[in-house]
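Trainee: need a 3D model of the following:
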Amino acid sequence: QVRPDWRARLEQSFSRGFTVAHLRGRHAEVRNPRRGGHRGVLVGRVEVVDQERGLVGVRLTQPVAAGDVLVIYTPWGQTDPLRVLASAQEDGVAAAAGQSEPGRLTLRVGERVAIKDRVFRLSSGRLDSFAEDAVTGRMAARPVALHARLEARPGLPARLRLRADGESIEVVGAEPLETAQRARLNSGRARDAVAALGGTPYRLGEWSCDLEGDPFLPIGALKELRRRGLAELDARRLRRWRRNLDPAALEASRAALPGAAVGRAPVRVPPLPVILHLRLDEEPLLAPGVAALVLDLYPGDAVADVAAAVERLAAAGLPLRCRPPEILFDGGMPWWAAVRALPWEAVYARHLAHISAGRVPAILEYPLQGLNALTARLLGARAVVASPESSLTEIAALAADLSVAPAIGVEMYAFGRQQLMVTRDVLGAAEGLANPDAWTYLELVDAKRFVFPVEAGPEGSVIFNSRVTNVAAAERELADAGVSALHVVQRDLLPAERAAFAAGGLRALAAYASPDRSTTGHLYRGVR
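Mentor: Just a heads-up that it's a prediction; the model follows:
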């Protein structure tokens, strides 16, 4: 069932002549042939025209509020959009804003208008504000009821008890309260301070207050108690929904993996070889276990720069592989032909053009490689890189399919940011932040303050996940699942992580896994 307020929002959002008849079950009336264009919602008709002063009177059939954008359809065309303002007259519009009942509205127009012309609302100020609040997280469609109780008396610290969603906490002030001389706290002021919950999913429900002996509690201190309480409440609610690995279930899943023996004693798995990803200007960290290097190439990388990096990295004495961009247009084929001719040990194929039979061995990577082992055999791949969307069970199934002779190896990303999007737009160019001739590192911050790294270059931009994928602690599980090599993206390492990796290899990165910094991705999807 659609609530009336949401029905109005949906109706205002529809365009191209579509109606909300389907919400009422009249599916044959979904499209109105007489409203083929985007005319918005009919809000009234013109009933009075004052040509000398350029004023028209509109009889409203629906309420109009400040911020609404109206347009009048006339036999000679439509008028320019008119914004309803709260003031009596501004920008050529006199508005009676915020009527609770349909009434009349006076507009100032410069075009020719006739009586009975229809007035449409193109956009609603209230709904635009609602949408903005919903997108930026300033409101919640289903708020969580927060019940609060405040206890305050002179000589003792203030106590604030919060209860929501089955969790309850108590926060205590740092200092004992003094007796108020003038600014006495009352229940109403305290309630207003606690109820200021903008930007949170909570809405104040039950409220009780025990103020004894006129305690002096500044509003700022009370809001700080509320902030501390909400932070702890959020943490508890989040921990309740986090996956907790049951040791018994984990051992059972290990026993089901290929090559696992039920009840066998734990054995130390030899470190899996590490494949290190670099950009053109990076020097490799030759950490323990690094068995091969990979150059991540982006559109616009000059062939001469790539050749210079290949020559420089040859001094490391390790196999060097190429990872070209997954988007390759016809105009980029000469570039790829020149890059492919360089002395690569293998190519990570993410586009069909990267596969060249009889030339450089191909290692399939997402999106060419999903969960189907048949793709790798048809394309003659030497190995595959498991999709970042794969769980541990899916990786095991893929490795089992590929283990049939001739065996094909399975690789997996162990540390690095997952790529979210590639675009040909150069982000930051309009703001002057991006260098049109070189790659620039930027950051996108969303409404919840998550930071998404961006690499913007001459021919596009790449956006990465806000957190790094770190499955270094799951090396044994990955080895049992059939993974033969693990990838580490060097540029995603923080200074402390670089030092640990250089000294101890991949296993040293397991200590840096944290909810704020990293994620295990989909590896344990389905594990409770």
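
Trainee: hmm, residue 470 is touching residue 516, no?
Mentor: No: with contacts defined as CB atoms under 8 Å, residue 470 does not count as touching residue 516, sitting 11.8 Å away. For the C-beta atoms, the positions are set from N, CA and C on the backbone; glycine is no exception.

Trainee: tell me the SS of residue 479?
Mentor: The three-state label given to residue 479 by DSSP: H, G, I helix; E, B strand; the rest coil is helix.

Trainee: repeat for residue 418
Mentor: Reduced to three states by three-state DSSP, residue 418 is strand.

Trainee: just residue 207 next, same as before
Mentor: Applying three-state DSSP: residue 207 is strand.

Trainee: any idea how far residue 199 is from it?
Mentor: Using CB to CB, to the nearest Å, we find residue 207 at a distance of 20 Å from residue 199.

Trainee: that older thread, residue 470 and residue 516: which has the busier surroundings?
Mentor: residue 470 (25 against 5; other CB atoms under 10 Å).

Trainee: and the gap between the more buried one and residue 488?
Mentor: From residue 470 to residue 488 the distance is 10 Å (CB to CB).

Trainee: so where's the stretch 401-528 of the chain uncertain?
Mentor: 525-528 (pLDDT under 70).

Trainee: got the residue ranges for the helices in it?
Mentor: Using DSSP state H, counting those that start in this stretch, the helices of the stretch 401-528 of the chain run over 475-481, 495-504.

Trainee: identify each buried residue in the last one, please.
Mentor: Burial within helix 495-504, assessed by neighbour count using 16 or more other CB atoms under 10 Å, is assigned to 497, 500-501.

Trainee: longest single helix anywhere in this protein?
Mentor: Across the chain, the longest stretch assigned as helix under DSSP state H is helix 219-241.

Trainee: what residues does residue 426 make contact with?
Mentor: When contacts are counted by CB atoms under 8 Å, 6 or more residues apart in numbering, residue 426 touches 434, 436, 456-461.

Trainee: hmm, try it at 7 Å
Mentor: Residue 426 makes contact with 434, 456, 460-461, according to CB atoms under 7 Å, 6 or more residues apart in numbering.

Trainee: ok, now residue 470?
Mentor: 415, 509, 512-513, 518.

Trainee: grab the nearest non-local neighbour of it.
Mentor: Once flanking residues are discounted, residue 470 sits nearest to residue 518: 3.7 Å by CB to CB, 6 or more residues apart in numbering.

Trainee: cool, residue 349 as well?
Mentor: residue 362 (4.4 Å).

Trainee: isn't that neighbour up against residue 347?
Mentor: Yes: shown here, residue 362 and residue 347 form a contact pair, counting by CB atoms under 7 Å, at 5.6 Å.

Trainee: kindly report the domain assignment for this protein.
Mentor: Using automatic domain parsing, the domain ranges for the chain come out as 1-33, 39-127, 144-241, 249-418+469-519.

Trainee: can you give me the mean pLDDT across the third one?
Mentor: This means domain 144-241. Domain 144-241 shows an average pLDDT of 88 in the prediction.

Trainee: how about the shortest one?
Mentor: Over the span of domain 1-33, the pLDDT mean works out to 59.

Trainee: ditto for the second one
Mentor: When pLDDT is averaged over domain 39-127, the result is 76.

Trainee: overlap in contacts, residue 470 and residue 488.
Mentor: With CB under 7 Å, 6+ apart, residue 470 and residue 488 have common neighbours residue 415.

Trainee: what is the neighbour count of residue 294?
Mentor: 25.

Trainee: the helix or strand containing it relative to helix 495-504, how many degrees between them?
Mentor: Counting by DSSP states H and E, the element that carries residue 294 is strand 290-296. Computed with axes from the mean of the first three to the mean of the last three CA atoms, to 10 degrees, the direction of strand 290-296 lies at 140 degrees from that of helix 495-504.

Trainee: buried residues in strand 290-296, which are they?
Mentor: 290, 292-296.

Trainee: likewise stretch 470-489?
Mentor: Going by 16+ other CB under 10 Å, stretch 470-489 has these buried residues: 470-475, 477-489.

Trainee: now do the contacts for residue 219.
Mentor: 189, 193.

Trainee: for the one 10 residues further on, same thing?
Mentor: When contacts are counted by CB under 7 Å, 6+ apart, residue 229 touches 160, 162, 169, 171.
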